[in-house]
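Asker: Need a 3D model of the following:
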Amino acid sequence: MKVIALGALSGATGDREKGEEFVVDAKLGTDLIQRGLVTQVAEAAPADKPAKAKE
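Answerer: The predicted structure follows:
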């Protein structure tokens with residue numbers, strides 16, 4: 001799970017600065033979100049390739 005720190009963090013996630021994006025496992029990410037320490041990053045779905053026009 002990709003998250004963004006809402007403040008300076010230190011501990012099991014390492015040292016993180018406010019606004020820093022980092023990846024954690026789902027269980028830890030959910031816990032951090034519930035505690036108000038991070039927000040989840042909305043992962044962008046890969047864009048579909050445009051269909052080639054038939055000539």
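Asker: thought residue 21 was touching residue 2?
Answerer: Yes: counting by C-beta atoms under 8 Å, residue 2 is a contact partner of residue 21 at 6.2 Å. Backbone N, C-alpha and C define where each C-beta goes, glycine included.
Asker: residues in contact with the nearest residue to residue 33 once chain neighbours are set aside?
Answerer: Distances taken as C-beta to C-beta, 6 or more residues apart in numbering place residue 40 nearest to residue 33, at 6.2 Å, with adjacent residues excluded. Contact analysis of residue 40 by C-beta atoms under 8 Å, 6 or more residues apart in numbering lists 1, 2, 3, 4, 29, 33.
Asker: pretty sure the third one is in a strand, no?
Answerer: Just to be clear, that refers to residue 3. Yes: counting by DSSP: H, G, I helix; E, B strand; the rest coil, residue 3 is found in a strand.
Asker: burial measure for it, as a count.
Answerer: Using other C-beta atoms under 10 Å, residue 3 has 23 other residues around it.
Asker: just the last one next, same as before
Answerer: The number of residues packed around residue 33, counting by other C-beta under 10 Å, is 15.
Asker: where does the chain have low pLDDT?
Answerer: 44-55 (pLDDT under 70).
Asker: give me that answer again for 50
Answerer: The chain contains no residues with pLDDT under 50.
Asker: Who are the contact partners of residue 13?
Answerer: With C-beta under 8 Å, 6+ apart, residue 13 has these contacts: 22, 24, 28, 32.
Asker: Looking at strand pairing, list the partners for the first one.
Answerer: Following DSSP bridges, residue 22 is listed with bridge partners residue 3.
Asker: ok, residue 19 to residue 9 distance?
Answerer: Distance from residue 19 to residue 9, counting by C-beta to C-beta, to the nearest Å: 11 Å.
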